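**Student:** task: produce atomic coordinates for the following.
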Amino acid sequence: MSHYPEYNWYDSPNTAAEELLDEELLNDPTVYPPADVLEKLQYIHPVGEADALYQRMRDEVKAAQ
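**Tutor:** I've put the predicted structure just below:
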């Protein structure tokens, strides 16, 4: 399964698998942002039951494009 991040080009939550990943992926700041960028990121908390409403709104915006 360590090949999934390379196929999809996203980071792996399994830090033990990082030794099996390609250096290009590991050194890509869009996949593994540097610490100064990580400090600026925001976590979006789950919205519970309102998730269905947000999903419907996203779908409507995407359909209108």
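**Student:** any idea how far apart the tips of stretch 10-30 sit?
**Tutor:** One end of stretch 10-30 sits 9 Å from the other (C-alpha to C-alpha, to the nearest Å).
**Student:** and it, which residues are buried?
**Tutor:** For stretch 10-30, the neighbour count (16 or more other C-beta atoms under 10 Å) marks 11, 12, 21, 25 as buried. For every residue, glycine as well, the C-beta is placed using N, CA and C.
**Student:** count the residues that sit near residue 31.
**Tutor:** 17 (other C-beta atoms under 10 Å).
**Student:** just give the closest residue to it, not the sequence neighbours.
**Tutor:** Spatially, and ignoring its direct neighbours in sequence, residue 31 is nearest to residue 11 (5.2 Å; C-beta to C-beta, 6 or more residues apart in numbering).
**Student:** wait, that neighbour touches residue 32, no?
**Tutor:** Yes: under the criterion of C-beta atoms under 8 Å, residue 11 makes contact with residue 32 at 5.6 Å.
**Student:** returning to what we had before: any chance of TSV for the buried residues of stretch 10-30, columns distance to residue 62, secondary structure and pLDDT?
**Tutor:** As requested, the buried residues of stretch 10-30 are arranged in TSV below (distance: C-beta to C-beta, whole Å; DSSP: H, G, I helix; E, B strand; the rest coil; pLDDT from 0 to 100):
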residue	distance to residue 62	secondary structure	pLDDT
11	25	coil	81
12	28	coil	79
21	32	coil	84
25	29	helix	86
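**Student:** and which of those residues is nearest to residue 55?
**Tutor:** residue 11 (24.6 Å; C-beta to C-beta).
**Student:** the closest one and residue 17, how far apart?
**Tutor:** 10 Å (C-beta to C-beta, to the nearest Å).
**Student:** then residue 55?
**Tutor:** From residue 55 over to residue 17 (counting by C-beta to C-beta), the distance is 31 Å.
**Student:** now the helices for the protein?
**Tutor:** 4-8, 23-26, 35-38, 51-64 (DSSP state H).
**Student:** so which of these gets nearest residue 44?
**Tutor:** Using C-beta to C-beta, the nearest of those to residue 44 is helix 51-64, at 10.1 Å.
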